[in-house]
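Engineer: Below is the sequence, then the predicted model.
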Amino acid sequence: MADRSVLVVEDDPGLREIYADVLRDEGWSVHAAEDGLEALNALRKGLQPCVALVDLRMPRMDGWTFIDELRRGGWETVPFVVLAAHYQLRDEARRMGARWWLQKPVGIDRLLETVAAACASRDGS
Amino acid sequence: MPAGSNAGPPAGSWTGSTSDLERVLLLAAGPITVQDATGRLVYANQAAAKQVGYATAEDFLAAPIEEVVARYDLIDESGRPLPFDALPGRRALRSEPEPAAVVGFRVKGDPITRWSVIQATAVTEDGRVRFVINAFQDITRLKDTEDRQRVLADAGAILADSVDYPSTLQSLAELVVPRLADWCVVDIAEASGLRRVAVAHPDPRKRALAEEVQRRYPSDPSRPGGVGDVIRSGRTQLISRVSDEMLEAAAQDATHLDLIRSLGLRSAAIVPLIARGQVLGAITLAAAESGRRFEEADLPYLEDLARRAAVAVDNARLLHEAKEAIRLRDDFLAMASHDMRTPLQAILANIQLAARRLARADTDAAQREAMHDNLAHAERSTGRLARLVGDLLDVAMLRSGHSLNLERSEVDLGALVQRVIADHQAATRSHRLTAAGLLDMPITTDAVRLERVLDNLVGNAVKYSPDGGEILVEITATDAQVAIAVRDHGIGIPANDLASVFEPYRRGSNATGMRGIGLGLSGSRDVIRELGGELGFESTEGQGSVFTARLPR
């Protein structure tokens, strides 16, 4: 397991870039994927992130499917943070069994805290 | 009691002759019969003879018992066959106390079951039964009313469960057949014409026959007479006796005539389904093999039944519309939430990151460059959000039938195109966006609206060339028109989807990814029309598309 590494899964190129900048500025290593499929391929190739930051509405493979694949594909120990613009995200996150969720727009302090907490939960377990 | 006898002897003693008594009994309204101690019928009045289908009491009495019994079936109140020995008269012969029963007589060849309450009284002498008097009270009408009330109650239960109204109406049709009619058909008026949602007949072969007639000769609501007339007028049509001339007039050709003759229709009532003042369809009840006839007196009841069915159809439709509206709203909210929160996220994160970087003491040239990028990204995102809000308002105005409040001015078209291209180029590395043609062309138009349409067209060109490539925006002109063409080399539009390109919320069947709120192609065309122009396109699947906005100069 790589220490302080994040897999960012976000289809909007501007957001992908800003999340990466925010996280790298705080010393995280970032792997950015533009949809669930690209993220899944990175995991299959051996990427071992401490935490995944996942959008929901994405083309090709959305966040719901990606999280199902995480759970079924042997990556169930990778904690994930849902970061989405979804309407009524809290209900959706509960349905998905997500422990961490953030609704867009979220400030960068909260984003960093949540990613750190998710990553730490893995260290503690 | 004879008339004018109030000053006569006390009640209970008959002073007339036996033949006078016989005449009274003979003409009494209710059927009366008398059996001797062996059970043989020794007396019947006129009404009793009628009850079992004989013209006169003499004929009835002269008939052998086997013949009498063979003329009718006896049923009990619940419709089960009633054994002869269970008749009150037979029970009285066995000295059972005051036997009485409700008995149904189904005389063969008569469509109507006649119902009576039979009260039997044994006349005894020295403790032995000498004869038995059977007094009948005809309750056919009462039973009929009761049956109809039961149909209404059962219909109420079926209709209350009406979410999927076509299947509910089929259940209703099956309920009324054969209790009220031999045939029941329900037609619903829809924008495209009549839709037959229910056909019922106790015999599945007959039902299949009716369906075949409908398939080969679909009922045409515009033809005079029948269901079309009832739906247009909202008035019930009673055809008490269906004549062969009527069938000939209704038939479209000789085969059709043969088919409808084979349905055996004899009498019919076509009742409109009316709810909230609107005729939703019609329910047709027809009699055939039963020989039943619909009369004027049946109509209030049938109209009541139809009204209940109409309310159920109306409720089911309202429920469906409400659910559809909720689904569209949720769909819209999901898209709006995504499309508006995404640029907000970019604005917030970029501004906050720039502020953090600024707060660091060791800000160098590279950090200042990064901050500049953050602020430029935030600025682009506010533009994206502002365009989206403007689009939403314009779409709302146009959808509600209003014109846009245009703000025309002289616009540097070349600069506008360059701006749109630069915005999209900033978000992609795999595409190369180029402007070409008459870049120094001034036109008078609404700059904000035109920019939003071009933004949408260029955005589509990027989105639908997932493998990247060149996107060319070219300006050409004639004396009267300026044309702005946006050309891509992407996935193009499949031939089957070409006709529906401008329908709201439509996407090509080869498109993946998500729909969004905003103008879309349908809104873009509407806006270009508001600007006095027209939006056209050419596309080949697998080769790309070109969308061209033509505007007056």
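Structural biologist: Looks like it came in fine.
Engineer: which non-adjacent residue is nearest the residue in the stretch 101-250 of chain B positioned nearest to chain A?
Structural biologist: Of all residues in the stretch 101-250 of chain B, B:Val163 sits closest to chain A, at 25.5 Å by C-beta to the nearest C-beta. Backbone N, C-alpha and C define where each C-beta goes, glycine included. Nearest residue to B:Val163 in three dimensions, chain neighbours excluded: B:Ala316, at 5.9 Å (C-beta to C-beta, 6 or more residues apart in numbering or on different chains).
Engineer: is it true that the one you found touches B:Thr168?
Structural biologist: Yes: A contact is recorded between B:Ala316 and B:Thr168 when judged using C-beta atoms under 8 Å, the distance being 7.2 Å.
Engineer: after the host helix or strand of the residue nearest to B:Val163 comes which helix or strand?
Structural biologist: Assessed by DSSP states H and E, B:Ala316 sits inside helix B:299-359. Beyond helix B:299-359 in the direction of the C-terminus, DSSP H and E gives the next helix or strand as helix B:365-399.
Engineer: What is that following helix packed up against?
Structural biologist: Under the contact criterion of 3 or more C-beta pairs under 8 Å, 6 or more residues apart in numbering or on different chains; DSSP states H and E, the helices and strands touching helix B:365-399 comprise helix A:13-25, helix B:299-359, helix B:447-463, helix B:520-530.
Engineer: next SSE after the last one?
Structural biologist: As assigned by DSSP H and E, the chain's next helix or strand after helix B:520-530 is strand B:534-540.
Engineer: A:Leu47 looks like it's in a strand, true?
Structural biologist: No: counting by DSSP: H, G, I helix; E, B strand; the rest coil, A:Leu47 is located in no strand; its state is coil.
Engineer: Show the contacting residues for it.
Structural biologist: A:Leu47 makes contact with A:Leu7, A:His31 under the criterion C-beta atoms under 8 Å, 6 or more residues apart in numbering or on different chains.
Engineer: Tell me the confidence at it?
Structural biologist: According to the predicted model, the pLDDT of A:Leu47 comes to 94.
Engineer: do A:Val81 as well
Structural biologist: 97.
Engineer: wait, is it part of a helix?
Structural biologist: No: with three-state DSSP as the criterion, A:Val81 is located in strand rather than a helix.
Engineer: Please report phi then psi for the nearest residue to it once chain neighbours are set aside.
Structural biologist: In space, and not counting its chain neighbours, A:Val81 is closest to A:Trp100: 4.2 Å by C-beta to C-beta, 6+ apart. Reported as degrees, to the nearest 10, the phi and psi values for A:Trp100 are phi -120, psi 130.
Engineer: Please name the residues that touch A:Trp100.
Structural biologist: If a contact means C-beta under 8 Å, 6+ apart, then A:Trp100 has A:Pro79, A:Phe80, A:Val81, A:Val82, A:Thr114, A:Ala117, A:Ala118 as its contacts.
Engineer: cool, B:Ile274 as well?
Structural biologist: B:Gly234, B:Leu280, B:Ala306, B:Arg307, B:Ala310.
Engineer: run the last query once more with 6 Å
Structural biologist: The contact partners of B:Ile274, by C-beta atoms under 6 Å, 6 or more residues apart in numbering or on different chains, come to B:Gly234, B:Ala310.
Engineer: hang on, it in a strand?
Structural biologist: Yes: according to three-state DSSP, the state of B:Ile274 is that of a strand.
Engineer: what about it, distance to chain A?
Structural biologist: Using C-beta to the nearest C-beta, to the nearest Å, one gets 41 Å for the distance from B:Ile274 to chain A.
Engineer: For that residue, which residues count as its bridge partners?
Structural biologist: Beta-bridge partners of B:Ile274, counted by DSSP bridges, are B:Val279.
Engineer: How about B:Leu74?
Structural biologist: B:Phe105.
Engineer: My guess is it contacts B:Leu82. True?
Structural biologist: Yes: with contact defined as C-beta atoms under 6 Å, B:Leu74 reaches B:Leu82; the gap is 4.1 Å.
Engineer: List the beta-bridge partners for the residue nearest to the spatial centre of chain A.
Structural biologist: Ranked by distance to the mean C-alpha position of chain A (C-alpha atoms, centre = their mean), the top residue is A:Leu53 at 1.4 Å. Beta bridges link A:Leu53 to A:Val8, A:Val81 when assigned by DSSP bridges.
Engineer: That one and A:Leu15, how far apart?
Structural biologist: Taking C-beta to C-beta, to the nearest Å as the measure, A:Leu53 falls 10 Å from A:Leu15.
Engineer: cool, and B:Ala55?
Structural biologist: Applying C-beta to C-beta to B:Ala55 and A:Leu15 gives a distance of 97 Å.
Engineer: okay, the two: which has more neighbours?
Structural biologist: Neighbours per residue (other C-beta atoms under 10 Å in any protein chain shown) separate B:Ala55 from A:Leu15, with A:Leu15 holding more: 25 against 10.
Engineer: Let me see the confidence value for the most far-flung residue of chain B relative to its centre.
Structural biologist: Most distant from the centre of chain B: B:Asp362, at 72.8 Å, with distances by C-alpha atoms, centre = their mean. We have a pLDDT of 73 for B:Asp362.
Engineer: How is B:Ala436 assigned, secondary-structure-wise?
Structural biologist: Local secondary structure at B:Ala436 is given as strand here, using three-state DSSP.
Engineer: Tell me how far it lies from B:Glu474.
Structural biologist: If you measure B:Ala436 against B:Glu474 using C-beta to C-beta, the figure is 5 Å.
Engineer: out of those two, which sits in the more crowded spot?
Structural biologist: Just comparing B:Ala436 and B:Glu474: by other C-beta under 10 Å the higher neighbour count belongs to B:Glu474, 18 against 13.
Engineer: correct me, but that one touches B:Ala435?
Structural biologist: No: with contacts defined as C-beta under 6 Å, B:Glu474 does not count as touching B:Ala435, sitting 7.6 Å away.
Engineer: so where's chain A uncertain?
Structural biologist: Within chain A, the segments meeting pLDDT under 70 span A:1-2, A:123-125.
Engineer: same deal with chain B?
Structural biologist: Along chain B, the model assigns pLDDT under 70 to residues B:1-14, B:16, B:26, B:111, B:162, B:361, B:505-508, B:511-515.
Engineer: Can you tell me the SS state at B:Ser95?
Structural biologist: With three-state DSSP as the criterion, B:Ser95 reads coil.
Engineer: mind listing what it touches?
Structural biologist: Residues counted as contacts of B:Ser95 (C-beta under 6 Å, 6+ apart): none.
Engineer: got a list of what B:Leu61 touches?
Structural biologist: With contacts defined as C-beta under 6 Å, 6+ apart, the neighbours of B:Leu61 are B:Ala44.
Engineer: which SSE is it in?
Structural biologist: helix B:57-62.
Engineer: I'd like the next helix or strand past that helix.
Structural biologist: Toward the C-terminal end, the helix or strand that comes next after helix B:57-62 (DSSP H and E) is helix B:65-71.
Engineer: Next, B:Trp115: phi, psi?
Structural biologist: For B:Trp115, the backbone dihedrals (degrees, to the nearest 10) come out as phi -110, psi 140.
Engineer: again, but for B:Leu433
Structural biologist: Torsion angles, degrees, to the nearest 10, at B:Leu433: phi -100, psi 130.
Engineer: isn't it right up against B:Gln425?
Structural biologist: Yes: with contact defined as C-beta under 6 Å, B:Leu433 counts as touching B:Gln425 (4.8 Å).
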